[in-house]
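In: fold the following, please.
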Amino acid sequence: MTIIQQRSLSIYTLLGVIQSVLWFFALPHLVKPYWTKIFDNFTNQQAEVLLWAIGGPYMLLYILVAAVPSYVTFRNVEFIQQYKISKEPWPWLSSGKQLNRDDKNKDASSSEIQRQLFWKRTFKSIILDFFNLFLFIPALVHIKTIFVSSHVMSFSIEDFPAPSLQSAATLLSMGIIHEFGFYWTHRLMHMYPSLYKYHKVHHEYKQNNVLTSQHFHVIDFLVSIAFPAILTTEIVRPHGVTQLQFGLWLLTSNFDDHLGYAFPWSSVRWFPWSAGTDAHEYHHSVNMGCYGSKLSLWDWMFG
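Out: Down below sits the predicted model:
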């Protein structure tokens, strides 16, 4: 069975493009009828905090729609599993080959240890993911709205942006600015031992799964995740619906980074300068290089 690579032109590229087209053109129209019903009862500052809190519920949705089918429902389907990046079995599954009784006993013991470590790490991930997405990032945005109260995000229906070249340029600039910030903060977390002691929590995973995506020490999350995202919003100052679009793209890219599968129909991997899912998997396996996440641009420029 031929494996189609990400960023290779194929019928799957079209599926990725269609998802992106729906995200850009359909999403604003879908949310517009409900926009005032959701946000009119809040001040702009409260609405911004509420908007940033979407990460937690969206991660739960992504796990149900993308992760569970890949890890569980279709675990024995060759068409899906051919896109699994690591050749190592998932920690919750049997490790496979056994040659003789001694090897069998050793293999069973090693597999059991790995499973125990995996479930212990999984419990830790659930705690960190919940804290970072449901509590920490909304709290940081709330603090930002207090100290930078002059930068108020618009949630008005009067200037609700329709899909256009201007909104496309806004989203593109947000992606480039954010990735530049993430690249350098991420690289700094690796360069200095005083910072890496926090970032190494994220690197407890050598084989990624979706829970890895928000498995960060709070200091690391503040520096390399929250800071580039909030700074991008402060520089560009988009309308609330544009921020929603960007936030969903950012989250999807982050979850896809850590899914463990390089699906060629990914909505965030088909365009030029997009970084492959396997690049971030490589970063976790060797603990160096590929410091970008969504784009390969800054890795190409700075190494």
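In: hmm, Arg121 is touching Tyr205, no?
Out: Yes. The criterion here is C-beta atoms under 8 Å, and Arg121 meets it with Tyr205 at 7.3 Å. All C-beta atoms are positioned from the backbone trio N, CA, C, and that covers glycine.
In: neighbour count for these two, which is higher?
Out: In this view Arg121 and Tyr205 are compared by other C-beta atoms under 10 Å, and Tyr205 has more residues nearby, 20 against 17.
In: how much space separates the closest residue to that one other than its chain neighbours from Ile113?
Out: Leaving out its chain neighbours, the residue that sits closest to Tyr205 by C-beta to C-beta, 6 or more residues apart in numbering is Thr212, at 4.4 Å. Distance of Thr212 to Ile113, computed by C-beta to C-beta, to the nearest Å: 20 Å.
In: which of the two has more residues huddled nearby?
Out: Between Thr212 and Ile113, counted using other C-beta under 10 Å, Thr212 has the larger neighbour count: 25 against 11.
In: so what's the more buried one up against?
Out: Contact analysis of Thr212 by C-beta atoms under 8 Å, 6 or more residues apart in numbering lists 125, 202, 205, 258, 284.
In: what about the last one, neighbour count?
Out: When neighbours are counted by other C-beta under 10 Å, His284 registers 21.
In: over to the first one?
Out: The tally of other residues near Ser125 (other C-beta under 10 Å) stands at 20.
In: and the average pLDDT for the helix or strand hosting it is what?
Out: Taking DSSP states H and E as the criterion, Ser125 maps to helix 101-130. Per-residue pLDDT values over helix 101-130 give a mean of 79.
In: can you check stretch 291-303 too?
Out: pLDDT averaged over stretch 291-303 gives 89.
In: same thing with stretch 255-275?
Out: Here the average pLDDT along stretch 255-275 is 94.
In: before we move on, what about stretch 214-223?
Out: On average, stretch 214-223 scores 98.
In: what are the contacting residues of that stretch?
Out: Residues contacting stretch 214-223 (C-beta under 8 Å, 6+ apart): 59, 124-125, 128-129, 131-133, 136, 140, 185, 188-189, 195, 198-199, 201-202, 204-205, 224-225, 254.
In: among those, which ones are buried?
Out: Neighbour counting with 16 or more other C-beta atoms under 10 Å marks 59, 125, 128-129, 131-133, 136, 140, 185, 189, 195, 198-199, 201-202, 205, 224-225, 254 as buried within these.
In: returning to what we had before: can you name the next helix or strand after the helix holding Ser125?
Out: Counting by DSSP H and E, the next helix or strand C-terminal to helix 101-130 is helix 137-147.
In: give the other helices and strands that that next one contacts.
Out: helix 44-52, helix 227-236 (3 or more C-beta pairs under 8 Å, 6 or more residues apart in numbering; DSSP states H and E).
In: any buried residues in that helix, and which?
Out: 137-138, 140-141, 144-145.
In: helix or strand next in line after it, which one?
Out: Counting by DSSP H and E, what follows helix 137-147 is helix 165-191.
In: tell me the angle that following helix makes with helix 227-236.
Out: Using axes from the mean of the first three to the mean of the last three C-alpha atoms, to 10 degrees, the inter-axis angle of helix 165-191 relative to helix 227-236 is 150 degrees.
In: from what I can see Ile80 touches Ala66, true?
Out: No. Using C-beta under 8 Å, Ile80 makes no contact with Ala66, being 11.1 Å away.
In: how close does the most centrally placed residue in the chain sit to Gln116?
Out: Nearest to the mean C-alpha position of the chain, counting by C-alpha atoms, centre = their mean, stands Asn254 at 1.1 Å. Relative to Gln116, Asn254 is positioned 28 Å away (C-beta to C-beta).
In: with Gln45 instead?
Out: The gap separating Gln45 from Gln116 is 45 Å, by C-beta to C-beta.
In: looking at the two, which is more packed in?
Out: Gln45 (16 against 11).
In: so that one makes contact with Val152?
Out: Yes. If you go by C-beta under 8 Å, Gln45 and Val152 touch, sitting 7.0 Å apart.
In: where does this protein have its least confident helix or strand?
Out: The helix or strand of the chain with the lowest confidence, counting by mean pLDDT, DSSP states H and E, is helix 101-130 at a mean of 79.
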